[in-house]
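Visitor: Sequence below, structure please.
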Amino acid sequence: MSSLDILPNELLLIIFDLFNVYTLLQLRSVCKKFNRISSDVLNNKSNRLLVTNQMSEKFRERCKLPLSSYNSKFITHYNWKYETPLQHVTNKLGSRKTTRDIRINKKCLKMTKNFIWLYDIDILSAVNRAKDGNITTTIKCGTCNSQFSSIAYCNDIIISGHKNGSISHWRFGSRKNINLLQLKTHFNVYGEYVSNIEATTQHIISSSSNLIKIQKNIFEDSAEENEPIYESRKLIQSISLDPTEKKVAASTEESFLIYDISAKYFSCLVKDERINDSTCSQLLWEDPHTILMLYERQIQKMDTRTPNFVRTWNTSVLKKNPKLHSFSSDYLYTIMTGTNIGTVLLWDQRLNDCIRTYQVSLIRFNPVLSVQFDSTHMYAITKLRGVIQLNFRDGVTFNSAQRKKYFSKFI
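Guide: Okay, here's the model as predicted:
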């Protein structure tokens, strides 16, 4: 018996998921067990790949043979660049004003496996996602006495920050009662907006205008709650949790900070430096060493092991030179950014220019406040409209000439 036979399939699935496609195809020839596990991982990977991962003609030619049996799946992910999506709008919401120097979205959405969660002022809703990714019905809303200002998702529970400085836990009731239930509210966490919030199974990290706190992610009150890890006169714009859930990054008006929250007293400052003359409005931690930073006119990529930015993408390459309001990533090569003019921009991290612009709203100066996407669907929420879905799986197909031009090497 081989030592590999001792390992359970669950562990082998985790290991195989680290391999690239070519290696997985080779492993399929080793034995029946490897063939079965490699096939499962390949099927999973093929559902995550996007068009921008296969832009190089040379790369496509090299992968033509080993990927032949997976062409039908990989081809669909060219939709992001070349096809015209179907658009659907749900939850038509109004707009209200806020008077804060810090950017606090009055509306925000968060994509999970089965739902699109969103808030609008004092209402929290969940929109069903079908198996094909399309949004369907809106589940009954949960309401709160205070306006929502931020949300996080952890273990099927939504954790929300509010205008009155409180933090709440939400989840669905029973199958008969599908209303959102407010499980617990922690009052007096801050004396003002909870402008940003992140959550792990152990902790909740949140910020107000000039304060970052950490508390245990439990329903009961605790004497160790609300421990500050940062306090300053500088306005905090964004916080982001790293994938290992051991560090949190924060951007202020002038500085960039990283804290080790796995430290005993939650106050181990890892990095504190001035990084840019302008203010970073949003952080997104892609991997344990890489952070994307959103500015008004550009995206910058930081490797925490180096003193300088490793990549910059500017909206100056576009004719309208829009302002950027939100962004998200596939945690590989693809970035989508919402703008102040009702468009979403598609970027490939290996290219300098924007690949494509999606017009999600024809209303002038209607900023995209939040955007999330996967391999076939993009969801956005704007200031003057509800949730907008772009569906590339069932979009307008290519004519024969276009298909021959782009897919001749794969069919």
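
Visitor: per the record, what domains does the protein have?
Guide: 1-46, 86-396 (automatic domain parsing).

Visitor: what would those look like in TSV with mean neighbour count?
Guide: Bear in mind the C-beta positions are built from the backbone N, C-alpha and C, glycine included. What follows is the domains of the chain, written out as TSV (neighbours: other Cβ atoms under 10 Å):
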stretch	mean neighbour count
domain 1-46	13
domain 86-396	18
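
Visitor: Now mean pLDDT too, for those, in CSV please.
Guide: Below are the domains of the chain laid out as CSV (pLDDT from 0 to 100):
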stretch, mean pLDDT
domain 1-46, 79
domain 86-396, 80
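
Visitor: What segments of the stretch 101-250 of the chain are strands?
Guide: 107-111, 115-120, 123-129, 135-143, 148-154, 157-162, 167-172, 180-186, 196-199, 203-207, 211-216, 227-231, 236-241, 247-252 (DSSP state E, counting those that start in this stretch).

Visitor: how about those strands in TSV, adding distance to residue 40?
Guide: What follows is these, written out as TSV (distance: least, Cβ to Cβ, whole Å):
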stretch	distance to residue 40
strand 107-111	24
strand 115-120	25
strand 123-129	22
strand 135-143	28
strand 148-154	26
strand 157-162	29
strand 167-172	30
strand 180-186	34
strand 196-199	30
strand 203-207	33
strand 211-216	36
strand 227-231	41
strand 236-241	29
strand 247-252	32
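
Visitor: Which one, of those strands, ends up nearest to residue 376?
Guide: Among these, strand 123-129 comes nearest to residue 376, with 11.3 Å by Cβ to Cβ.

Visitor: ok, that closest one: who's next to it in the sheet?
Guide: Next to strand 123-129 in the sheet, as set by DSSP bridges, lie strand 115-120 (antiparallel), strand 135-143 (antiparallel).

Visitor: and the first one, how far from the chain's centre?
Guide: When C-alpha coordinates are averaged (Cα atoms, centre = their mean, to the nearest Å), strand 115-120 and its chain have centres 14 Å apart.

Visitor: Could you do the last one as well?
Guide: Relative to the chain's own centre, strand 135-143 is displaced by 21 Å; criterion: Cα atoms, centre = their mean.

Visitor: Can I get that strand in PDB, CA atoms only?
Guide: Written as PDB, here are the backbone C-alpha positions of strand 135-143 (Å, rounded to 0.1, in the frame of the first residue of the first chain):
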ATOM      1  CA  ILE A 135     -30.900  36.500  -9.400                       C
ATOM      2  CA  THR A 136     -34.600  35.500  -8.700                       C
ATOM      3  CA  THR A 137     -36.800  36.600  -5.800                       C
ATOM      4  CA  THR A 138     -36.000  39.000  -3.000                       C
ATOM      5  CA  ILE A 139     -36.300  37.400   0.400                       C
ATOM      6  CA  LYS A 140     -38.200  39.400   3.000                       C
ATOM      7  CA  CYS A 141     -36.200  42.200   4.500                       C
ATOM      8  CA  GLY A 142     -34.800  42.800   7.900                       C
ATOM      9  CA  THR A 143     -35.100  46.300   9.300                       C
END
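
Visitor: tell me the angle it makes with strand 157-162.
Guide: 50 degrees (axes from the mean of the first three to the mean of the last three Cα atoms, to 10 degrees).

Visitor: again with the first one
Guide: Using the same axes, to 10 degrees, the inter-axis angle of strand 115-120 relative to strand 157-162 is 10 degrees.

Visitor: relative orientation of strand 115-120 and strand 107-111 in degrees?
Guide: Angle of strand 115-120 versus strand 107-111, following the same axes, to 10 degrees, is 170 degrees.

Visitor: Wasn't residue 302 part of a strand?
Guide: Yes. Assessed by DSSP: H, G, I helix; E, B strand; the rest coil, residue 302 belongs to a strand.

Visitor: who touches it in this structure?
Guide: Going by Cβ atoms under 8 Å, 6 or more residues apart in numbering, residue 302 touches 256, 275, 290, 291, 292, 293, 309, 310.

Visitor: before we move on, what about residue 323?
Guide: Here residue 323 is in contact with 296, 297, 315, 339, 340, 367 (Cβ under 8 Å, 6+ apart).

Visitor: what's the closest of the contacts of residue 302 to residue 348?
Guide: The closest of the contacts of residue 302, once distances to residue 348 are taken by Cβ to Cβ, is residue 292, at 13.4 Å.

Visitor: could you list every residue that touches the residue lying closest to the closest one once chain neighbours are set aside?
Guide: In this structure, residue 292 finds its nearest non-sequential neighbour in residue 284, 4.4 Å apart by Cβ to Cβ, 6 or more residues apart in numbering. Contacts for residue 284 (Cβ under 8 Å, 6+ apart) come out as 240, 291, 292, 293, 294, 327, 328, 329.

Visitor: my read is residue 284 is in a helix, agree?
Guide: No. Using three-state DSSP, the assignment for residue 284 is strand, not a helix.

Visitor: Distance of it relative to residue 294?
Guide: 7 Å (Cβ to Cβ, to the nearest Å).

Visitor: Overlap in contacts, the two.
Guide: In contact with both residue 284 and residue 294: residue 327, using Cβ under 8 Å, 6+ apart.

Visitor: Kindly confirm my reading that residue 11 forms part of a helix.
Guide: Yes. Checked against three-state DSSP, residue 11 lies within a helix.

Visitor: Please determine how far it is located from residue 37.
Guide: Distance of residue 11 to residue 37, given as Cβ to Cβ: 10 Å.

Visitor: Which helix in the chain has the most residues?
Guide: Taking DSSP state H as the criterion, the chain has its longest helix at helix 32-46.

Visitor: In CSV, list the C-alpha atoms belonging to it.
Guide: What follows is helix 32-46, C-alpha atoms only, in CSV (Å, rounded to 0.1, in the frame of the first residue of the first chain):
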residue,chain,number,x,y,z
LYS,A,32,-8.0,5.6,-10.8
LYS,A,33,-8.0,7.5,-7.5
PHE,A,34,-5.9,10.3,-8.9
ASN,A,35,-8.0,10.4,-12.0
ARG,A,36,-11.2,10.8,-10.0
ILE,A,37,-9.8,13.5,-7.8
SER,A,38,-8.1,15.4,-10.6
SER,A,39,-11.3,15.4,-12.6
ASP,A,40,-13.3,16.9,-9.7
VAL,A,41,-10.7,19.6,-9.2
LEU,A,42,-10.6,20.4,-12.9
ASN,A,43,-14.3,20.7,-13.1
ASN,A,44,-14.2,23.1,-10.1
LYS,A,45,-11.4,25.2,-11.6
SER,A,46,-13.0,25.4,-15.0
